[in-house]
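Visitor: Please find the sequence and the predicted model below.
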Amino acid sequence: MKHRLVIFGSSAFGLPAFSVMAKHPAMEVVGVISQPDRPQGRHHELTPTPVSAWARESSLPLWQFPSLQESAIQERLAALRPDIALVAAYGLILPSAVLSIPSRGCINIHGSLLPRHRGASPIAAAIAEGDAMAGISYMLMDAGVDTGPVIHKYALPLHADITHPELEQALSDLAGKTIQTAIDGWLDGTYVPVAQDNQLATRCSRLTKEDGRAHWDSGRRLSRLIRAYTPWPGVWTEWNGQAIKLLAATYEATTPTAKPGTVVQLEQRRWGIMCGDGIIVPSLVQFPGKKPQPAATVPGSYPTFIGTQLN
RNA sequence: CGCGGGGAAGUGUAACGGAUGCACGGCGGGCUCAUAAUCCGCAGGCAGGGGGUUCGACUCCCCCACCCGCAA
């Protein structure tokens, strides 16, 4: 007898794992729940979520509820009589009334090694904090945010210059490779959910544009933030009232020779921005309305930029 | 029709209704034990496509396709 499975997801992060479960011989996907198509992009075209698109292509039953708070919607979910719910990057809170619907519970794939980086931006947080290891956690959801018992974790070493898109892809793939083992192990009792140690927990909230504003106190941290926040929300600074994105940069530890935020000409033809603990040397930047451009072309393009004092 | 910006050498960008300049890159040469450093020189742009205004358009106007920022 197959397990009746409901999938909750919106962004592409969960797709590899979802695809595996959709083919799992012991699973029957009785519903895919995603967010509604929303106006997106440059001309606000109605765009389906990657999970919605996948469900349609795979001919799986799809529902795009705007919220899960209404009792009418909760009743429809209950009518699917799910045994298990699998949640990954869904983007909406599952109220306890929904969490209690599947007879065997709701499993979340979280992009960190819990209890570290509970919350909405675990991948960015791992890079921003300079963690040595990242990973995914299969967790039995409870009413808190990423606080439930952990079924199993899979770790991945982080190399020093990994970027957010690279890590997100790696973790997404890792979930695809491990989910069958994790779920099967949980179902047959090999993996027993273990409560998290709240003492070790850290939180990361949803990122905003303002989180990406560059601060020049620490170039070491700034170089990590550039890798963690690009492409969204990006790390940027203001010049002449315009936001300039720093898309890639390296950090060089030196004794500051100017006020932090000063754009300085370096030896050779390079330039950098002075920080409190050294200098940040951009390699790729983007001016508003423009495409990304190699940093070396900036002095010729914007001669007055060098020497500027940035905030 | 969400708001706005942009298209010129391999890359990026300035100015301008009437000789397209600059930076990086490339190529050649000097210096040097050597060099990604530095100095000198060379090449490379029919200015997205189509109309229009004009004695004359890269520069002004309209249309088409494309790219980007904001916002989501």
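Guide: It's in. Residues are numbered from 1 along each chain as shown, chains lettered A, B, ... in the order given.
Visitor: Mind checking what secondary structure the residue of the stretch 51-200 of chain A found nearest RNA strand B has?
Guide: Going by CB to the nearest atom of the strand, RNA strand B is nearest to residue A:91 of the stretch 51-200 of chain A, at 11.4 Å. C-beta: built from backbone N, CA, C; applies to glycine. Here residue A:91 is coil, with the state taken from DSSP: H, G, I helix; E, B strand; the rest coil.
Visitor: distance of it from residue A:255?
Guide: Between residue A:91 and residue A:255 the distance is 45 Å, computed by CB to CB, to the nearest Å.
Visitor: what residue ranges in chain A are flagged as low confidence?
Guide: In the predicted model, chain A carries pLDDT under 70 at residues A:267-268.
Visitor: Enumerate the residues of it near RNA strand B.
Guide: For chain A, the residues in contact with RNA strand B (CB under 7 Å from any atom of the strand) are A:38-44, A:209, A:232, A:234, A:243, A:245, A:267-269, A:286-291, A:293-294, A:296-303.
Visitor: Give me the longest helix you can find in chain A.
Guide: helix A:164-187 (DSSP state H).
Visitor: The stretch 201-311 of chain A: strands as residue ranges?
Guide: With strands called from DSSP state E, counting those that start in this stretch, the stretch 201-311 of chain A shows them at A:203-204, A:235-239, A:242-252, A:263-265, A:271-275, A:278-286, A:292-294.
Visitor: mind giving me a markdown table with the ones you listed and columns for distance to residue A:177 and mean neighbour count?
Guide: Shown next, in a markdown table, are these (distance: least, CB to CB, whole Å; neighbours: other CB atoms under 10 Å):
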| stretch | distance to residue A:177 | mean neighbour count |
| --- | --- | --- |
| strand A:203-204 | 25 | 18 |
| strand A:235-239 | 31 | 20 |
| strand A:242-252 | 29 | 19 |
| strand A:263-265 | 45 | 17 |
| strand A:271-275 | 39 | 22 |
| strand A:278-286 | 32 | 20 |
| strand A:292-294 | 32 | 12 |
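Visitor: do you know which of these lies nearest residue A:213?
Guide: Closest approach to residue A:213 among the strands of the stretch 201-311 of chain A (CB to CB): strand A:235-239, 6.6 Å.
Visitor: That closest one vs strand A:242-252, what angle?
Guide: Interaxial angle, strand A:235-239 versus strand A:242-252 (axes from the mean of the first three to the mean of the last three CA atoms, to 10 degrees): 120 degrees.
Visitor: Strand A:235-239: how far from the chain's middle?
Guide: Computed by CA atoms, centre = their mean, to the nearest Å, the chain-centroid distance of strand A:235-239 equals 22 Å.
Visitor: Let me see the residues that make contact with it.
Guide: A:212-214, A:222, A:225-226, A:229, A:243-246, A:273, A:305, A:308, A:310-311 (CB atoms under 8 Å, 6 or more residues apart in numbering).
Visitor: Where does the stretch 151-300 of chain A get nearest to RNA strand B, which residue?
Guide: Using CB to the nearest atom of the strand, the closest approach of the stretch 151-300 of chain A to RNA strand B is made by residue A:300 at 1.9 Å.
Visitor: Give me the neighbour count for that residue.
Guide: Using other CB atoms under 10 Å, residue A:300 has 8 other residues around it.
Visitor: Kindly report the same for residue A:88.
Guide: 26.
Visitor: Give me the three-state assignment for the spatially closest residue to it that is not a sequence neighbour.
Guide: Leaving out its chain neighbours, the residue that sits closest to residue A:88 by CB to CB, 6 or more residues apart in numbering is residue A:14, at 2.9 Å. The three-state assignment at residue A:14 reads helix, by three-state DSSP.
Visitor: still on that earlier bit, buried members of the residues of chain A next to RNA strand B into ChimeraX, please.
Guide: Buried subset of the residues of chain A next to RNA strand B, written as a ChimeraX selection, criterion 16 or more other CB atoms under 10 Å:
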select /A:234,245,286,287,298,299
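Visitor: Out of the residues of chain A next to RNA strand B, which sit inside helices?
Guide: Of the residues of chain A next to RNA strand B, the ones assigned to helices by DSSP H are A:298, A:299, A:300, A:301.
Visitor: can you pull the contacts of the nearest residue to residue A:223 once chain neighbours are set aside?
Guide: Leaving aside its sequence neighbours, residue A:223 sits nearest to residue A:251 (CB to CB, 6+ apart; 3.9 Å). Residues in contact with residue A:251 (CB under 8 Å, 6+ apart) are A:219, A:220, A:222, A:223, A:275, A:278, A:279, A:280, A:281.
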